[in-house]
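Q: would you be able to build a 3D model of this:
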Amino acid sequence: ELPRNVGRAAVRNQLAAAAQHEWLLLLDNDSLLPGQQFLARYAAAVSQAAVLIGGTCYEATPPADPGLYLRWLYGQHREARPAVVRQAAPYSQLTINNALIRADVFRRFPLDERLTGYGHEDTKFGVELAAAQVPVLHLDNPVIHDGLEPAAVFLAKSEQAVRNLAQVYREDGLGTDSRLLQTALRLRRLGLATAAQATLRIVAPRLRRQLLSATPRLRTLDLLKLYWLLRELR
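A: Next up is the predicted model:
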């Protein structure tokens, strides 16, 4: 345990540097294993690619606590994707909350430690792997995301992730495969970004209240994230 939080990218880089074996298994500590074959499925695939991505799933039933419903809803509809879907865009759908990666590959492409907050620390990693033609194989070997955050915490993390998305775009030109960024850039090209931002700024408090209610809608979250991104890109 470190005396202070150095960020998601830096702590992973430090752990990888200290590891002594050929493969690194990266798991977030709020994950549960859905069965007994988790390690066996990874072991069976190590000859096929240097980077193996297992995926994430969520409990089938919503959480009893309504405050956790937004995070569960987002996970079920936006994050829980089968391997065949992820493999269609293997580098842009690369998430390292559940991954088995050859140690030399991870050390060759360390995570960008400029991103000290939440989100997109694996975006540049995926781009660099694609440029170097490092094989990535997506597997149906998910972990259950058990650490659902209350809606207010999730919104704060989502806003930080949007700031990181704007940062990787401004500094490295990355993230353009994100539909959120594509929408923002299209509005800029059409000369509509300023008007859209002004409109969304007016309705942002209402959007937030809706997301903190018992019946949040993901479309509402999309609009709020678009406002955050337009504000960052101005």
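Q: for the chain, what's the longest helix?
A: helix 151-172 (DSSP state H).
Q: show residues contacting that one.
A: If you take Cβ atoms under 8 Å, 6 or more residues apart in numbering as the criterion, helix 151-172 is touched by 67-71, 74, 112, 114-115, 117-121, 123-124, 127, 149, 174-176, 178, 180-181, 208, 211-212, 216, 221, 224-225, 228-229, 232-233. (Glycine included, C-beta is placed from N, CA and C.)
Q: what about the helices in the chain?
A: For the chain, applying DSSP H gives helices covering 8-18, 38-45, 69-74, 83-87, 103-108, 123-131, 151-172, 179-189, 193-211, 218-233.
Q: and of the ones you listed, who's closest to residue 137?
A: Smallest distance to residue 137 across the helices of the chain (Cβ to Cβ): 6.2 Å, for helix 38-45.
Q: now stretch 77-97: buried residues?
A: Neighbour counts using 16 or more other Cβ atoms under 10 Å place 79, 81, 83, 86, 90-91, 93-97 of stretch 77-97 among the buried residues.
Q: among the residues you listed, which ones are in strands?
A: Of these, none are assigned to strands by DSSP state E.
Q: measure residue 70 to residue 189 for me?
A: From residue 70 over to residue 189 the distance is 32 Å, taken as Cβ to Cβ, to the nearest Å.
Q: quick one: which of those two has more around it?
A: The neighbour comparison of residue 70 against residue 189 (other Cβ atoms under 10 Å) goes to residue 70, with 27 against 9.
Q: against residue 145, how distant is the more buried one?
A: Distance, residue 70 to residue 145, by Cβ to Cβ: 13 Å.
Q: which residues are contacting stretch 178-194?
A: Outside of stretch 178-194, the residues within contact range by Cβ under 8 Å, 6+ apart are 162, 165, 169, 175-176, 196, 222, 225-226, 229-230, 233-234.
Q: quick one, which of these are buried?
A: Judged by 16+ other Cβ under 10 Å, buried ones among the contacts of stretch 178-194: 162, 165, 169, 175, 196, 225-226, 229-230, 233.
Q: which of the residues you listed sit farthest apart?
A: Greatest spatial distance in these: 175 and 196, 18.8 Å, computed using Cβ to Cβ.
Q: would you indicate which residues of stretch 162-182 are buried?
A: For stretch 162-182, using 16+ other Cβ under 10 Å, the buried residues are 162-169, 174-175, 178, 180-181.
Q: for stretch 30-50, that is, sorry about that
A: Across stretch 30-50, burial judged by 16+ other Cβ under 10 Å covers 31, 38, 42, 49-50.
Q: now render the residues you listed as TSV, adding pLDDT and distance to residue 16.
A: Converted to TSV, the buried residues of stretch 30-50 look like this (pLDDT from 0 to 100; distance: Cβ to Cβ, whole Å):
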residue	pLDDT	distance to residue 16
31	93	18
38	96	20
42	97	17
49	97	18
50	97	14
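Q: pLDDT weak spots in the chain?
A: 115-120 (pLDDT under 70).
Q: farthest residue from the center of it?
A: Within the chain, the residue lying farthest from the chain centre (Cα atoms, centre = their mean) is residue 191, at 29.5 Å.
Q: quick one: it from residue 233, how far?
A: Distance from residue 191 to residue 233, counting by Cβ to Cβ: 14 Å.
Q: now residue 189
A: 12 Å.
Q: reformat the buried residues of stretch 162-182 as CSV; add distance to residue 2.
A: Formatted as CSV, those follow (distance: Cβ to Cβ, whole Å):
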residue, distance to residue 2
162, 26
163, 23
164, 21
165, 26
166, 27
167, 23
168, 24
169, 29
174, 27
175, 28
178, 30
180, 32
181, 32
